[in-house]
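Visitor: how would this look folded up:
(2 chains)
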Amino acid sequence: DAMVIQNPRYQVTQFGKPVTLSCSQTLNHNVMYWYQQKSSQAPKLLFHYYDKDFNNEADTPDNFQSRRPNTSFCFLDIRSPGLGDAAMYLCATSRTSRGLQPQHFGDGTRLSIL
Amino acid sequence: AQSVTQLGSHVSVSEGALVLLRCNYSSSVPPYLFWYVQYPNQGLQLLLKYTSAATLVKGINGFEAEFKKSETSFHLTKPSAHMSDAAEYFCAVSVSTGTASKLTFGTGTRLQVTL
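Guide: Numbers count the residues shown, from 1 in each chain, chains lettered A, B, ... in the order given. This next block holds a predicted model:
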């Protein structure tokens, strides 16, 4: 089945130690999104890629970076994780940028900071 | 600007009872509306969407929602709750930014189903 796959499902890192989360998709969608979701909150959009074009949200900290080396893969890099970055990170895709296109989510990576 | 209000952060129903989760939206353009469900430690799964076709939208798992422009509402219903429906439900409005189908989420409603 076509889907959005996130690895790993659980990630533990140390305070200040860089960490990379990965997302792959077999849907061949143009747009890929990264969200941060904290407990009992709605997902918060960090940034998205339209094809190879990177689009950052205005309030996303510089500590968060992203790479999309090809259509299928997208990475979230946290350069120096702080305790406040512990959260669920969700990757999503949409076929196009049209508003009627739903987003398809992966199962997320839960990040813990020691 | 778009916004979504979900009334009731927690809703509890008995198994077999009607489920009603409320969602009101604000949008400066004709809205595209979505309901997503999130089970513990999982991502969001699309339940149903309204994209300006039929106002009564049927989704997966027996859920449906009715778009009411006059009330700016898109409430989610299910005639008979099942234990497996216990989850977090998010209503969202979508707008195209040119490079994204950008979602604005409500704060979510946690549905509890009791025996």
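Visitor: Residue A:19: neighbour count?
Guide: 19 (other CB atoms under 10 Å in any protein chain shown). All C-beta spots, glycine's among them, are computed from the backbone N, C-alpha and C.
Visitor: What parts of chain B come near chain A?
Guide: Applying CB under 8 Å from any CB of the partner chain, one finds that chain B approaches chain A through B:32, B:34, B:36, B:41-46, B:49, B:51-52, B:90, B:94-103, B:105-108, B:110.
Visitor: Filter those residues down to just the buried residues.
Guide: Buried members of these, counted by 16 or more other CB atoms under 10 Å in any protein chain shown: B:32, B:34, B:36, B:42-46, B:49, B:51, B:90, B:94-96, B:99-103, B:105-106, B:108, B:110.
Visitor: Which ones among those lie within strands?
Guide: When DSSP state E is applied, those are split such that B:32, B:34, B:36, B:44-46, B:49, B:90, B:94-96, B:101-103, B:105, B:110 fall in strands.
Visitor: Apart from its chain neighbours, what residue comes closest to the most centrally placed residue in chain B?
Guide: Residue closest to the average C-alpha location in chain B (CA atoms, centre = their mean): residue B:35, at 3.2 Å. Spatially, and ignoring its direct neighbours in sequence, residue B:35 is nearest to residue B:47 (4.3 Å; CB to CB, 6 or more residues apart in numbering or on different chains).
Visitor: ok, residue A:21 touching residue A:109?
Guide: Yes: under the criterion of CB atoms under 8 Å, residue A:21 makes contact with residue A:109 at 4.8 Å.
Visitor: where do the contact lists of these two overlap?
Guide: A:6, A:7, A:8, A:11, A:89 (CB atoms under 8 Å, 6 or more residues apart in numbering or on different chains).
Visitor: These into a markdown table, with extra columns for secondary structure and pLDDT?
Guide: What follows is those, written out as a markdown table (DSSP: H, G, I helix; E, B strand; the rest coil; pLDDT from 0 to 100):
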| residue | secondary structure | pLDDT |
| --- | --- | --- |
| A:6 | strand | 97 |
| A:7 | strand | 92 |
| A:8 | coil | 93 |
| A:11 | strand | 97 |
| A:89 | strand | 98 |
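Visitor: from those, which single one is nearest chain B?
Guide: residue A:6 (7.7 Å; CB to the nearest CB).
Visitor: for the residue lying closest to the closest one once chain neighbours are set aside, what are its contacts?
Guide: Leaving aside its chain neighbours, residue A:6 sits nearest to residue A:106 (3.9 Å; criterion: CB to CB, 6+ apart). Each residue near residue A:106 by CB under 8 Å, 6+ apart is listed here: A:3, A:4, A:5, A:6, A:23, A:90, A:91, A:92, B:43.
Visitor: Equivalent analysis for residue A:77, please.
Guide: Counted by CB under 8 Å, 6+ apart, residue A:77 has contacts A:18, A:19, A:20, A:64, A:65, A:66, A:67.
Visitor: 10 Å instead?
Guide: Applying CB atoms under 10 Å, 6 or more residues apart in numbering or on different chains to residue A:77 gives the contacts A:18, A:19, A:20, A:21, A:63, A:64, A:65, A:66, A:67.
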